[in-house]
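task: produce atomic coordinates for the following.
(chains A, B, C and D)
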There are 2 protein chains.
Amino acid sequence: MDRNRFADIHCSVSRAAGVAADPWTLLILRDLFLGLNRYEELRRDLGIATNVLADRLDRLVADGLAERHAYQDNPLRHAYRLTPAGRDLYPVLLTLLAWGDRHRSEGGPPLRLLHADCGHPAVPSLTCSHCGGALTPETTTAAPGPGGRAAPGTALVPGRLPTSLGPA
Amino acid sequence: MDRNRFADIHCSVSRAAGVAADPWTLLILRDLFLGLNRYEELRRDLGIATNVLADRLDRLVADGLAERHAYQDNPLRHAYRLTPAGRDLYPVLLTLLAWGDRHRSEGGPPLRLLHADCGHPAVPSLTCSHCGGALTPETTTAAPGPGGRAAPGTALVPGRLPTSLGPA
DNA sequence: TTCGGTCGCTTGCTACTTGCAAGTGATCCT
DNA sequence: AGGATCACTTGCAAGTAGCAAGCGACCGAA
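The predicted structure is shown next:
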């Protein structure tokens, strides 16, 4: 799967997917958010093959989602830290978590989120930043934007729009 | 990459990632949301290899995210339609889209969302369904839930919690 | 009735990716 | 000196991706 291919498709979903849509990558991001940030910690937690872990960490750094920094000299040891772009993937992780809680957790969610601001269990909900209402397929419409262009991977832009994002 | 492996990890992010964390799968879901729902339409739009498309569609059906239905007899032709579980992945697509718009779109977003309820361009924002406030790594805390268990892939549950989901 | 075209796939081949196991080199503690 | 930890790299077997070709059922035109 050549990942540049997804970067070249003229669609933000595709470009984001090309960077983040890999199970190991997402689990590494999850662990970085949770504070596991060293190669050995990640390997032990995830049981991931070492070459794959090295590859994914390299990719995270190359893609600008994480950065390496030395946490000690002698011996020199590095840890990984999320960049702002990496931290911006937090909503992706939370929506995946919410889906998993809803559809793949008999016996209740493995992890419960608490929202510090209100002190309650946090069930993530996707809202319109303008009016605060829920964003659902039924209440959302797509139209070509300024960066839109007719291109492979984007049947939507050429002409069939504006279209509801709901199912046909 | 054995996908059952991610289903077995005791974490909703992992289980959701095992199902959805594949670029082709996400692009197929995107197209299903947009109303492209036949094999040929998907193949033409995405430029995906036919065996891979067949495989991903089978997987979507097996995972309960989509279902096949005949849209005509003579000749018998099938189309794919999202199930409720598949439609529940909408927030995942929107958060990916928002990330791509923010970090991978020089020249503006390829696609603009409109929120029908308020008539404004919709910038998705993740909020707490209890208080309506933003959910960020800084304002969120994780604690083991009822389905939590010490297991590989989940260093968080065993004991180091409760922990902020912010970076270390 | 034959001819080409569409649709929804499957098969075969080659090239890349994964997972596992072993090895490496630097540094530490004993 | 001997073992342990950390952060990797290398080698190999097995699985997956991409491409091209083929297939069977039907359609419409000639």
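
and stretch A:91-100, average pLDDT?
Averaging pLDDT along stretch A:91-100 yields 97.

can you pull out the helices in chain A?
A:4-8, A:12-20, A:23-34, A:39-46, A:50-62, A:84-87, A:90-103 (DSSP state H).

most tightly surrounded among these?
Counting by mean count of other CB atoms under 10 Å in any protein chain shown, helix A:12-20 has the highest mean neighbour count of the helices of chain A, with a mean of 27. Heads up, the C-betas are built off the backbone N, CA and C, glycines and all.

between that one and helix A:50-62, how many degrees?
130 degrees (axes from the mean of the first three to the mean of the last three CA atoms, to 10 degrees).

helix A:12-20 vs DNA strand C: in contact?
No. Judged by CB under 7 Å from any atom of the strand, helix A:12-20 stays clear of DNA strand C, getting no closer than 12.5 Å.

format the helices of chain A as CSV; extra columns: distance to DNA strand D.
Shown next, in CSV, are the helices of chain A (distance: least, CB to the nearest atom of the strand, whole Å):
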stretch, distance to DNA strand D
helix A:4-8, 6
helix A:12-20, 11
helix A:23-34, 12
helix A:39-46, 3
helix A:50-62, 4
helix A:84-87, 16
helix A:90-103, 19
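
hey, which helix or strand in chain A has the poorest pLDDT?
Lowest by mean pLDDT, DSSP states H and E among the helices and strands of chain A is strand A:163-164, with a mean of 42.

for A:R3, which non-adjacent residue is closest in space?
A:G18 (4.8 Å; CB to CB, 6 or more residues apart in numbering or on different chains).

before we move on, back to that, of the helices of chain A, which approaches B:D88 most closely?
helix A:90-103 (5.7 Å; CB to CB).

any bit of the closest one sitting next to chain B?
Yes. Under the criterion of CB under 8 Å from any CB of the partner chain, chain B is reached by helix A:90-103 at A:90-103.

so where's chain A uncertain?
Residues of chain A meeting the criterion pLDDT under 70: A:145-168.

near DNA strand C, which residues of it are found?
Counting by CB under 7 Å from any atom of the strand, chain A sits next to DNA strand C at A:1-2, A:22, A:24, A:47-52, A:55, A:74-75.

go again with 10 Å.
A:1-3, A:22-25, A:46-56, A:59, A:72-77 (CB under 10 Å from any atom of the strand).

partners of A:T127 in the sheet?
Judged by DSSP bridges, the bridge partners of A:T127 are A:A134, B:S125.

how many neighbouring residues does it have?
Number of residues near A:T127 (other CB atoms under 10 Å in any protein chain shown) recorded here: 22.

surely it meets B:T127?
Yes. Between A:T127 and B:T127 there is a contact under CB atoms under 8 Å: 4.9 Å.

measure A:E41 to DNA strand C for me?
According to CB to the nearest atom of the strand, to the nearest Å, A:E41 and DNA strand C sit 16 Å apart.

wait, that residue touches A:L34, no?
No. Between A:E41 and A:L34 there is no contact, the gap being 10.0 Å when judged by CB under 8 Å.

contacting residues for the closest residue to A:D88 other than its chain neighbours?
The spatial neighbour of A:D88 that comes closest, neighbours along the chain excluded (CB to CB, 6+ apart), is B:W99 at 5.7 Å. By CB atoms under 8 Å, 6 or more residues apart in numbering or on different chains, the contact set of B:W99 is A:S12, A:A16, A:A20, A:D88, A:L89, A:P91, A:V92.

how about those in a markdown table, adding distance to A:P109?
Formatted as a markdown table, these follow (distance: CB to CB, whole Å):
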| residue | distance to A:P109 |
| --- | --- |
| A:S12 | 29 |
| A:A16 | 25 |
| A:A20 | 22 |
| A:D88 | 24 |
| A:L89 | 20 |
| A:P91 | 18 |
| A:V92 | 18 |
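
rewinding a little: any idea how far the residue nearest to A:D88 lies from B:D45?
Separation of B:W99 from B:D45 (CB to CB, to the nearest Å) stands at 22 Å.

what do you get for A:L34?
For A:L34, the distance to B:D45 - CB to CB - is 37 Å.

ok, now A:A122?
Applying CB to CB, the value for A:A122 to B:D45 is 36 Å.

from the centre of chain A, point out the most distant residue.
Here the centre of chain A is the reference, and by CA atoms, centre = their mean the most remote residue is A:N74, at 34.6 Å.
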